[in-house]
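sequence first, predicted coordinates after that:
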Amino acid sequence: MILRITKHGEPLLKRRTEPVDFSALRHELPDLLQNMWDTMYAANGVGLAAPQIGVPLRISVIDTRPEGKPDRLVLINPEILLREGKVLNEEGCLSLPGLYAKIARHDTVRVRALDENGQAWERTGHGLLARAFEHEVDHLDGRLFIDHLDLGERLKVASVLKELKKQWA
């Protein structure tokens, strides 16, 4: 089922999520994840965090589709283990549709998380996957990509944000 995506300004997006008790969530998880995948793909996203669909859980999904092929990753209770290199690229967010800005992120990011079966995994991402790891973990920590902008850049996007919010209502 395609769900409504929470937008910038909604309080849930600014709250840090608590770790998930996998065994307590085990039975609801398949439906939740399917809804997250459906919602993310319908919005043409590469990642979606549970708070973006109004669910305050430490869960996200990512599919950067390397070489056009699906590479679906479920991140439950993710933690970033390593960050290396800096790169400046344009970034957007499903919770801020229509807004893009250049954001400095790390070019290499290693993450540890649980998958949809409760199995621990680790993976090192480069480029877009590294950016997606950081972006989605930021959501779970109550941060948006615009929080990485310096004051001057925030002032530049403020008027754009004001106009975009009128369209989201």
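Arrived safely. Numbers count the residues shown, from 1 in each chain.

quick one: buried residues of the one helix or strand in the chain whose mean pLDDT sits lowest?
Ranking every helix and strand in the chain by mean pLDDT, DSSP states H and E puts helix 151-168 at the bottom, with a mean of 84. Neighbour counts over helix 151-168 (16 or more other C-beta atoms under 10 Å) mark 157, 164 as buried. For every residue, glycine as well, the C-beta is placed using N, CA and C.

how distant is it from the center of its chain?
20 Å (C-alpha atoms, centre = their mean, to the nearest Å).

three-state assignment of the residue nearest the centre of the chain?
Centroid-nearest residue in the chain: Glu136, 2.7 Å away (criterion: C-alpha atoms, centre = their mean). Secondary structure of Glu136, reduced to three states by DSSP: H, G, I helix; E, B strand; the rest coil: helix.

what pLDDT does it get?
pLDDT, Glu136: 98.

quick revisit: got the CA positions of the least confident helix or strand of the chain in PDB?
Extracted in PDB, the C-alpha atoms of helix 151-168 (Å, rounded to 0.1, in the frame of the first residue of the first chain):
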ATOM      1  CA  LEU A 151      23.300  29.500   7.600                       C
ATOM      2  CA  GLY A 152      23.800  31.300   4.300                       C
ATOM      3  CA  GLU A 153      22.500  28.200   2.400                       C
ATOM      4  CA  ARG A 154      19.600  27.800   4.700                       C
ATOM      5  CA  LEU A 155      18.500  31.400   4.100                       C
ATOM      6  CA  LYS A 156      18.700  30.800   0.400                       C
ATOM      7  CA  VAL A 157      16.400  27.700   0.600                       C
ATOM      8  CA  ALA A 158      14.000  29.300   3.100                       C
ATOM      9  CA  SER A 159      12.000  31.100   0.500                       C
ATOM     10  CA  VAL A 160      11.900  28.100  -1.800                       C
ATOM     11  CA  LEU A 161      10.700  26.000   1.200                       C
ATOM     12  CA  LYS A 162       8.000  28.500   2.000                       C
ATOM     13  CA  GLU A 163       6.600  28.300  -1.500                       C
ATOM     14  CA  LEU A 164       6.900  24.500  -1.700                       C
ATOM     15  CA  LYS A 165       5.000  24.100   1.600                       C
ATOM     16  CA  LYS A 166       2.000  25.800   0.000                       C
ATOM     17  CA  GLN A 167       2.000  23.000  -2.600                       C
ATOM     18  CA  TRP A 168       2.300  20.200   0.000                       C
END
